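S.K.: Predicted model and sequence follow; I will ask about them next.
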Amino acid sequence: MPEPALAVDKLCKSFGGNRVTRDVNLTLAAGARHALIGPNGSGKTTLINQITGIVQPSTGAIRLFGMDITASSPERRVRLGLVRTFQINSLFVEMTVMENVALAVVSRTKIDWHIWRKAADAHAISACVHDVLEMIDLADLANLKVKGLAYGKRRLVEIALALALEPKVLLLDEPAAGLSRGETDRLLRVLQQLPKEIAIIIVEHDMDLVFQFADEITVLMEGAVLARGSVSEIRSDDRVRDTYLGRRHHD
């Protein structure tokens, strides 16, 4: 069998005497569509910070396609294909959408930024930027400055920057936060069109988005995995309903 895209094995993190994550196991196949949910304080952010290298686990292991990355820096994880939208630097609002995405491509390819800006034949970078903007449905906004974009479109630009880094595993940290219903619907359409080979985890409180996007869901509670299963299994799990979802998402 092929190696999982991401494997988290018995991950624990303690701050002093406080255990924030407790023996968390999580496995994603290549191309997985996975959601991580749970109430505030359940350990989601700490778990994601450990996976992406911002926080070192107290015990446990993290593997990317079989490679142990537990002690790797966040930058090395990005180079290996583990990308999180939160890791992307703040958008440069005085630059255009195209220029923002090009910066991400330049950071990955190590091609000099000034060469791209000046050389009309820097075809490889321009083509990559165009492909990313088409994928994320932003091609018509390529030449607009980010400062003029609505909030929902800025969130899409953040995802475009992440895609420009050519992720194999993409972690989206509350992508729908602050979006209107219409913006969330557009976000969902974009997510559903992303390349099938990318394994995606979304950390999200918008359960309508979660249920429409994810094939599998992990529920965290007090730092531990309360449940894991398909959308139908999570919706019908009495423990999840009583502690997090409520009857609105069960009936």
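M.R.: Great, that's in hand.
S.K.: K196 belongs to a strand, doesn't it?
M.R.: No. K196 is assigned coil when assessed by DSSP: H, G, I helix; E, B strand; the rest coil, not a strand.
S.K.: Any idea how many residues pack against the nearest residue to it once chain neighbours are set aside?
M.R.: Once flanking residues are discounted, K196 sits nearest to G31: 5.1 Å by C-beta to C-beta, 6 or more residues apart in numbering. Where you see a C-beta, it was placed from the backbone N, CA and C, and this is true even at glycine. By other C-beta atoms under 10 Å, the residues close to G31 number 14.
S.K.: Also S180?
M.R.: 12.
S.K.: for the one 4 residues further on, same thing?
M.R.: Taking other C-beta under 10 Å as the criterion, the count of residues near T184 is 21.
S.K.: Same question for A71.
M.R.: Neighbours of A71 using other C-beta under 10 Å come to 11.
S.K.: got a list of what it touches?
M.R.: Q56 (C-beta atoms under 8 Å, 6 or more residues apart in numbering).
S.K.: which non-adjacent residue is nearest L209?
M.R.: Per C-beta to C-beta, 6+ apart, closest to L209 is A176, 5.3 Å.
S.K.: So that neighbour sits against D208, correct?
M.R.: No. Using C-beta atoms under 8 Å, A176 makes no contact with D208, being 9.1 Å away.
S.K.: between the two, who's got more neighbours?
M.R.: A176 (24 against 14).
S.K.: about what we covered before: state the distance from the residue nearest to K196 to A199.
M.R.: Separation of G31 from A199 (C-beta to C-beta, to the nearest Å): 6 Å.
S.K.: what sits in contact with each of these two?
M.R.: Common neighbours of G31 and A199, counting by C-beta under 8 Å, 6+ apart, are A5.
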